[in-house]
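**Student:** coordinates for the following, if possible.
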Amino acid sequence: MSNVNPRRWWALLVLATAQFMVIMDTSIIGVALPEMQKDLGFSQGELQWVFNAYVIVFGGLLLLGGRLSDLVGARKIFVTGWSVMIAGSVLAAAAQTAWVEIAGRAVQGVGGALIAPSAMTLLMMLFMHDPKELGKAMALYGAAAPAGGTAGVFLGGVFTEWASWQWVFLIYIPIGLATLAATGLLPEVGSRRGAVDVLGAAAVTAGLALAVFAVVRAPEAGWGSTGTILQLIGAAVLLVLFLVIQKSVREPLMPLGVWRVPRLGSANLAMTLLGAAWIPMWYFLNLYLQQVLGYGAFASGAALLPMTVLLMVFMTAVTARLMAKVGAKPLIGGGLLVLAAGLVWLAAVEPTGTFLVDVLPASLVAALGMSLAYIPAMIAAMSGAPQEQAGLASGIVNTTYNVGSALGLAALTAVAMSQGADRLRDLPALTEGFSAAFIGAAFIAAVGGVVTLLVMKSDKAVAAGATPVPQGEKTAA
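**Tutor:** Residues are numbered from 1 along each chain as shown. Just a heads-up that it's a prediction; the model follows:
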């Protein structure tokens, strides 16, 4: 225990803040979009790229961020990521045209892709000495992600209504500088010799980005259009090429053997479907509050605060204890099914509904499901990874969650629009479109819950918050 960092809990605060801010960046711009559209001249079709430019770059580069974290050193990559995030925030806040705004969001995505896997690696290094402490630390760190997503909606409303939309980006500058000043609390993780698989990184990033681009554009271009079909085929070719490269190069970006780590595949599938259900839920719930119930930006954000409180309480005080008793599998599967139940309840929203009847109870059930599933899935995906692949495992699980989020939102937006969500002046049709999106998200969550319960292997090591296997030690098949 002599190598235990005495300032590890303060360091965890720095890492959790980083996780909070990275995930908040996917949601904080939501209620600010109408003002940005007015000031920067976005067309209705272009506006979605303020969100998607960040998510596509973030999801596409997470594997590279994880690899660089393992090779260069997690603390160095963490610092670099925050420097890039600050630069992107300055560019996005200062933008005077639509395309500069999109470029700023893409730069923010690069920063986020460096921060997320390096932060996870640093957390594992800080707490790997004690499985119980690791479980508690993961609970606190994990709670920062969904809390950041929900808080982003609230803070976006505050800034947009009482200041200006630029503040949804400017807020990252002081917090980023404070985080950089506190990096002395973080452990030095030594670099190791190795090469960066640039060709593999380019193939997987382009493949993921093209897949998301195709799904996002499909509602406008048509799912059966030549452009959409060619884009999806191109994405598949690039992803297959990535797998071929990984088998042929000496130091691949993602050694395919990592998928022999117990529960890595099933846990990442669960994270993909969790993101594909959860992110569309808060997106359309926010639209229902504003466009149907008539809430302002601030009131809409405040209405989602009960979800945030429940997430924080359950993730920090309940989920970790339940894992120690029942393991990860029932919590992931059960949590996804509870999320599905909450979404089915939300699908009953009415054009003349109220927050207390139509939104609050159903949203709390959905948040309960998220709080039960997220941390166990994260730990299950990483707990068996060798120490030298901790950054890679983190990059994979963050990639699957964010790519799932982007694809889920794009697909369910198409569903909502086809059922009337594009008819802003027709409240019954608008509500019907949102309801269809909630049903679609419920189906995704239910599939994830059932598949997890059927496929994932139970393991008490996961329940105890197992630490990464030391370098050179084999993992169980």
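**Student:** what helix or strand does the closest residue to Leu343 other than its chain neighbours sit in?
**Tutor:** Setting aside the residues directly before and after it, Leu343 is nearest to Ala442 in space (Cβ to Cβ, 6 or more residues apart in numbering), at 3.6 Å. In short, each C-beta sits where N, CA and C put it, glycine included. Taking DSSP states H and E as the definition, Ala442 sits inside helix 427-455.
**Student:** against Gly301, how distant is the nearest residue to Glu35 once chain neighbours are set aside?
**Tutor:** Leaving aside its chain neighbours, Glu35 sits nearest to Trp165 (4.5 Å; criterion: Cβ to Cβ, 6+ apart). Between Trp165 and Gly301 the distance, using Cβ to Cβ, to the nearest Å, works out to 14 Å.
**Student:** same check on Phe159?
**Tutor:** Spatial separation of Phe159 from Gly301 under the definition Cβ to Cβ is 10 Å.
**Student:** compare the two (neighbour count), which wins?
**Tutor:** A count of neighbours by other Cβ atoms under 10 Å puts Gly301 above the other of Phe159 and Gly301, at 29 against 23.
**Student:** tell me the contacts of that one?
**Tutor:** With contact taken as Cβ atoms under 8 Å, 6 or more residues apart in numbering, Gly301 is in contact with Val31, Val153, Phe154, Leu155, Gly156, Gly157, Val158, Asn286.
**Student:** which of the residues you listed ranks first by neighbour count?
**Tutor:** Per-residue neighbour counts (other Cβ under 10 Å) across these peak at Val31, which has 30 neighbours.
**Student:** the contacts of Gly301 in helices, which ones?
**Tutor:** Secondary structure of these is defined by DSSP state H; positions in helices are Val153, Phe154, Leu155, Gly156, Gly157, Val158, Asn286.
**Student:** which residue packs closest to the third one, ignoring adjacent ones?
**Tutor:** Read it as Leu155. Spatially, and ignoring its direct neighbours in sequence, Leu155 is nearest to Ile28 (5.8 Å; Cβ to Cβ, 6+ apart).
**Student:** gap between the one you found and Ser458?
**Tutor:** In this structure, Ile28 and Ser458 are 38 Å apart, going by Cβ to Cβ.
**Student:** more crowded one of the two?
**Tutor:** Ile28 (28 against 12).
**Student:** could you check how far that one is from Ser248?
**Tutor:** From Ile28 across to Ser248, the span is 41 Å (Cβ to Cβ).
**Student:** what residue is smack in the middle of the protein?
**Tutor:** Nearest to the centroid of the C-alpha atoms of the chain, with distances taken as Cα atoms, centre = their mean, sits Asn402, at 4.3 Å.
**Student:** quickly find the element holding it.
**Tutor:** Element membership for Asn402 (DSSP H and E) is helix 390-416.
**Student:** what is the neighbour count of Leu356?
**Tutor:** Counted with other Cβ under 10 Å, residues neighbouring Leu356 total 8.
**Student:** and it, how far from Gly369?
**Tutor:** To Gly369, Leu356 is 21 Å away according to Cβ to Cβ.
**Student:** what does Asn398 give?
**Tutor:** Asn398 is 20 Å from Gly369, where distance means Cβ to Cβ.
**Student:** who has more neighbours out of those two?
**Tutor:** In terms of neighbours (other Cβ under 10 Å), Asn398 is the more surrounded of Asn398 and Gly369; the figures are 31 against 24.
**Student:** contact partners for that one?
**Tutor:** For Asn398, the contacting residues are Leu62, Gly66, Ala116, Pro117, Met120, taking Cβ under 8 Å, 6+ apart as the criterion.
**Student:** change it to 6 Å
**Tutor:** Applying Cβ atoms under 6 Å, 6 or more residues apart in numbering, we find Asn398 in contact with Leu62, Ala116.
**Student:** need the phi and psi values for Trp223.
**Tutor:** Dihedral angles of Trp223 (phi, psi; degrees, to the nearest 10) stand at phi -70, psi -30.
**Student:** how close does it sit to Ala11?
**Tutor:** According to Cβ to Cβ, Trp223 and Ala11 sit 47 Å apart.
**Student:** those two: which has the busier surroundings?
**Tutor:** Neighbour comparison, Trp223 and Ala11: the larger count goes to Ala11, with 22 against 13 (by other Cβ under 10 Å).
**Student:** the more buried one in helix, strand or coil?
**Tutor:** State at Ala11, reduced to three classes by DSSP: H, G, I helix; E, B strand; the rest coil: helix.
**Student:** that one and Leu186 touch, don't they?
**Tutor:** Yes: between Ala11 and Leu186 a contact is recorded at 5.3 Å, counting by Cβ atoms under 6 Å.
**Student:** circling back: ok, of the ones in helices among the contacts of Gly301, which one's closest to Thr413?
**Tutor:** Checking those against Thr413 with Cβ to Cβ, the nearest one is Asn286 at 13.1 Å.
**Student:** does the closest one really touch Gly152, like I thought?
**Tutor:** No: Asn286 is not in contact with Gly152 according to Cβ under 6 Å; the separation is 10.2 Å.
**Student:** need the pLDDT of the residue nearest to Leu343.
**Tutor:** At Ala442, the model reports a pLDDT of 97.
**Student:** same check on Gly391?
**Tutor:** Here, the pLDDT recorded for Gly391 equals 62.
**Student:** what do you get for Leu241?
**Tutor:** Leu241 carries a pLDDT value of 94.
**Student:** and for Val451?
**Tutor:** On the pLDDT scale, Val451 is placed at 94.
**Student:** what is the neighbour count of the residue nearest to it when sequence neighbours are not counted?
**Tutor:** Counting by Cβ to Cβ, 6+ apart, Val451 lies nearest to Leu269, which is 6.6 Å off, once chain neighbours are set aside. Residues contacting Leu269 under the criterion other Cβ under 10 Å number 20.
**Student:** which stretches of the stretch 101-250 of the chain aren't confidently modelled?
**Tutor:** When residues are selected by pLDDT under 70, those of the stretch 101-250 of the chain lie in 146, 149-150, 189-194.
**Student:** which residues in it form strands?
**Tutor:** Applying DSSP state E, counting those that start in this stretch to the stretch 101-250 of the chain gives no strands.
**Student:** packing partners for the helix or strand hosting the residue nearest to Val451?
**Tutor:** Remark: Leu269 resides in helix 264-287, with elements defined by DSSP H and E. The criterion is 3 or more Cβ pairs under 6 Å, 6 or more residues apart in numbering; DSSP states H and E, and the helices and strands that helix 264-287 contacts are helix 360-382, helix 390-416, helix 427-455.
**Student:** what mean pLDDT does it get?
**Tutor:** Throughout helix 264-287, pLDDT has a mean value of 88.
**Student:** quick one: it to helix 390-416, angle?
**Tutor:** Here the directions of helix 264-287 and helix 390-416 differ by 40 degrees (axes from the mean of the first three to the mean of the last three Cα atoms, to 10 degrees).
**Student:** next, the angle helix 360-382 makes with helix 264-287.
**Tutor:** Computed by the same axes, to 10 degrees, the angle between helix 264-287 and helix 360-382 is 150 degrees.
**Student:** alright, I will stop here.
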